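*Asks:* After the sequence you'll find the predicted model.
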Amino acid sequence: MNKLYQYVANLLANEQLTSEMILENLETPSADKGDVALPCFKFAKTLHTSPIAIANELAKNINDENLLKVENVNGFLNFTFKPEFIAQTLLSSLALDSETIAKRNGMQGKTVLIEHTSINPNASPHIGRARNALIADSLVRVFRFLGWKTDVHYFVNDVGKQIAMLVYATKDKPNVTFNELLQIYIDINEKAKTDAEIEKTVFEYLHKFESGDKKVIAEFEKIVSICIKGQTAIFDELGIKWDKFDYESKYIHQHITDKVLERLKQSPKLFEDKDGRYVLDQRGEDIGIEEPMLVITRNDKTSLYALRDICYSLDKANSGADRNILVLGEDQKVYFQQISAALRLLGAKPAEVVHYSFVLLPDGKMSTRQGKVVLLEDFMKEATAKSNTAIQEKRGESDIEKAKIVGYGALKYSILKCSPEKNVLFDWNTALNFNGDSSVYSQYNYARIQSILQKANYDYSKPNFQVLKSPEEIALIKEIARFEDIVLSTYRNLNPSILTNYVYNLTTKFSQFYTTHSILNTENEDIKIARTYLINKTAEAIKNTLNLLGIDTVQSL
RNA sequence: GCACCCAUAGCUCAACAGGAUAGAGCAACACCCUUCUAAGGUGAAGGUUGGGGGUUCGAGUCCCUCUGGGUGCACCA
């Protein structure tokens, strides 16, 4: 909570307007108007007076040595503080570390289960799927920062035609590698269009797998293992990890689907249709289709994906976690509503869902079949190559480790920058832009600060905050002080783009300060020490925000 | 056809729970490196917030409607 807001609220509170009522209405105006503003319009109804009169009344009794001026502008009461008071107030109460912020907000020790990505384990992920992992990974980091224990899950869809197809297509290729699978998958799908035998054999495989044929299960496991290893290796390179991989097949082989089906049979909503399949009648539920019905078994009463997903969702709901979050593509919106309705029918609480829209290319949608995709791996390579070239030009020698930090940062930033509900328009130029609104901008300025701090061979741990009073210093201090609220806002909205906006604004304020004021070459010792302290805190705020986005910093760039 | 999401500068995005004169970056134009990293800074230019109604003291933000894009509409996973 903004300390200046609290100060104003305490200053103004009276019998009619409690400090809570005032706090609710306070906002930050543009810098030329003041530091804190109170719009008085909402009080007009309850107090039966005009907003302007209320503002005048409130302003009348204010006599505070820390205020420079209080102005009533058409019902907005604007407060301008003495800069040294702002510096003192905000910096003395500043917290940027996880421990303090977690404690302050009382979230320590709670548990959140987050399921994400869970893509078909049949090929290398494209950047559309990566959006799922990137959003979720940032949320995991935010929860962890706020003191939560995180439990990150991946639901492996190891049952299904897509795996059976790969098993069929690779049966004569004992040493098939992950990178070959995408093309093999595309080819076999093409071939199956004209050759009906393929489909028939594939379904035989699937049937054997489901009914427990050990040999076929081993073949499925081999392919799935190659896929999961291949996919997680890529995500691992980006620092994205899971705690647990849950296999869909478990719900079949351990007969959990049968047990849940028995429970569903207790409900009048479940019926057997004319073909002998079990169907949930979901009419009357808030589901965005005309006649919502969820078919959960085949006519031989074996499970369809929906039933297995209900079983899995039940497990997650009953895991004991305080919160249960699922990051899911917008294509699954209606389907998720259906699973949620089924869960409620069983007396369980559905997950909280974060939907994201797809990544589009300049000439339209991605299409695996047309080969019109940008693979995550290719994006990673391009980003690293471009940043390494830039490093080479600047430093005279290449540095792959640093190039990866910079390149992967740009990759993550370009995708996380967009609010999840909006489509990301991917084009190489924007994504690999290392100037302006990009992660590189923040990493670069972070490195600038580190360079100064290395030369600052004096103690700056106990500064006199009150010597910081220039507009650039105050603007920077205010921005740093927002850090805690920004993390909480990201947490509340489950939206990492709040972090990208913040780190860019914060860095801009630093860069403006940096170009107008000198730190090491300042004559006045007090100012020199206070400024060094300030840039150290700036660096900490930049680093922490970038880390919450899954982006690393470098000491020099 | 029905349902949900989105539409803001030439392009890509902001605008904290409706608040004051809608902000950045990229591109294009003009400046600033003998001073702590120019992957930087400054200036000028760029807008009827897709169209039309409504609610409100106040609407990019809420409601209705139209247009355009994204997504989905039982027996795939």
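*Replies:* Received it, and whenever you're ready, just let me know what you need.
*Asks:* ok and the residue in the stretch 301-450 of chain A nearest RNA strand B?
*Replies:* A:Gly436 (2.0 Å; CB to the nearest atom of the strand). Bear in mind the C-beta positions are built from the backbone N, C-alpha and C, glycine included.
*Asks:* Pull out the buried residues from the helix or strand encompassing A:Ala341.
*Replies:* Counting by DSSP states H and E, the element that carries A:Ala341 is helix A:333-345. By 16 or more other CB atoms under 10 Å, the buried positions in helix A:333-345 come out as A:Tyr335, A:Phe336, A:Gln337, A:Gln338, A:Ile339, A:Ser340, A:Ala341, A:Ala342, A:Leu343, A:Leu345.
*Asks:* chain center to it, what's the gap?
*Replies:* Averaging C-alpha positions (CA atoms, centre = their mean, to the nearest Å) puts helix A:333-345 23 Å from its chain's average.
*Asks:* helices and strands around it, which ones?
*Replies:* strand A:278-281, strand A:293-295, helix A:305-317 (3 or more CB pairs under 8 Å, 6 or more residues apart in numbering; DSSP states H and E).
*Asks:* possible to save those as a markdown table with mean neighbour count?
*Replies:* Formatted as a markdown table, those follow (neighbours: other CB atoms under 10 Å):
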| stretch | mean neighbour count |
| --- | --- |
| strand A:278-281 | 18 |
| strand A:293-295 | 17 |
| helix A:305-317 | 21 |
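*Asks:* any chance you could map the strands in the stretch 151-300 of chain A?
*Replies:* With strands called from DSSP state E, counting those that start in this stretch, the stretch 151-300 of chain A shows them at A:244-247, A:270-272, A:278-281, A:293-295.
*Asks:* Could you pull out the buried residues of the first one?
*Replies:* Yep, that's strand A:244-247 we're talking about. For strand A:244-247, a neighbour-count test (16+ other CB under 10 Å) marks A:Asp246, A:Tyr247 as buried.
*Asks:* Name every strand pairing with it and say which way it goes.
*Replies:* Neighbouring strands of strand A:244-247 in its sheet, by DSSP bridges, are strand A:149-156 (parallel).
*Asks:* so the strand it pairs with versus helix A:305-317, what angle?
*Replies:* For strand A:149-156 against helix A:305-317, the angle by axes from the mean of the first three to the mean of the last three CA atoms, to 10 degrees is 170 degrees.
*Asks:* What is the neighbour count of the nearest residue in space to A:Leu468 that is not next to it in sequence?
*Replies:* The shortest distance from A:Leu468 to any non-neighbouring residue, by CB to CB, 6 or more residues apart in numbering, is to A:Ala87 (4.1 Å). Using other CB atoms under 10 Å, A:Ala87 has 26 other residues around it.
*Asks:* Repeat that for A:Ser518.
*Replies:* Applying other CB under 10 Å, we find 13 residues neighbouring A:Ser518.
*Asks:* tell me the phi and psi of it?
*Replies:* Backbone torsions of A:Ser518, given as degrees, to the nearest 10, read phi -100, psi 150.
*Asks:* can you tell me how far it sits from A:Tyr168?
*Replies:* Distance, A:Ser518 to A:Tyr168, using CB to CB, to the nearest Å: 70 Å.
*Asks:* And A:Phe43, which helix or strand is it part of?
*Replies:* helix A:41-47.
*Asks:* buried ones in that helix?
*Replies:* Those would be A:Phe43, for helix A:41-47 by 16+ other CB under 10 Å.
*Asks:* Just after that helix, pick out the following helix or strand.
*Replies:* For helix A:41-47, the following helix or strand on the C-terminal side (DSSP H and E) is helix A:51-60.
*Asks:* other SSEs contacting the next helix or strand after that following helix?
*Replies:* Under the assignment DSSP H and E, the closest C-terminal helix or strand after helix A:51-60 is strand A:67-73. With contacts taken as 3+ CB pairs under 8 Å, 6+ apart, strand A:67-73 sits against helix A:51-60, strand A:76-81.
*Asks:* and the gap between A:Ala539 and A:Val142?
*Replies:* Separation of A:Ala539 from A:Val142 (CB to CB) stands at 20 Å.
*Asks:* Can you tell me which residue is spatially central in chain A?
*Replies:* By CA atoms, centre = their mean, the mean C-alpha position of chain A lies nearest to A:Ile135, the distance being 3.3 Å.
*Asks:* Does that one touch A:Ser497 like I think?
*Replies:* No. If you go by CB atoms under 8 Å, A:Ile135 and A:Ser497 don't touch, sitting 9.0 Å apart.
*Asks:* any residues in contact with both of those two?
*Replies:* Common contacts of A:Ile135 and A:Ser497, defined by CB atoms under 8 Å, 6 or more residues apart in numbering, comprise A:Leu416, A:Pro420.
*Asks:* Which residue comes closest to A:Leu548 once chain neighbours are left out?
*Replies:* Excluding its sequence neighbours, the residue lying closest to A:Leu548 (CB to CB, 6+ apart) is A:Arg141, at 4.9 Å.
*Asks:* Apologies, that question was intended for A:Thr545.
*Replies:* The shortest distance from A:Thr545 to any non-neighbouring residue, by CB to CB, 6+ apart, is to A:Val503 (4.2 Å).
*Asks:* Next, the contact list for the one you found, please.
*Replies:* A:Ser439, A:Ser442, A:Ile542, A:Thr545, A:Leu546, A:Leu549.
*Asks:* Surely it is in a helix?
*Replies:* Yes. A:Val503 sits within a helix when classified using DSSP: H, G, I helix; E, B strand; the rest coil.
*Asks:* how close does it get to RNA strand B?
*Replies:* Relative to RNA strand B, A:Val503 is positioned 12 Å away (criterion: CB to the nearest atom of the strand, to the nearest Å).
*Asks:* Can you tell me how far the closest residue to A:Tyr458 other than its chain neighbours is from A:Gln88?
*Replies:* Sequence neighbours aside, A:Ile529 is the residue nearest to A:Tyr458 in space, at 7.0 Å (criterion: CB to CB, 6+ apart). Taking CB to CB as the measure, A:Ile529 falls 15 Å from A:Gln88.
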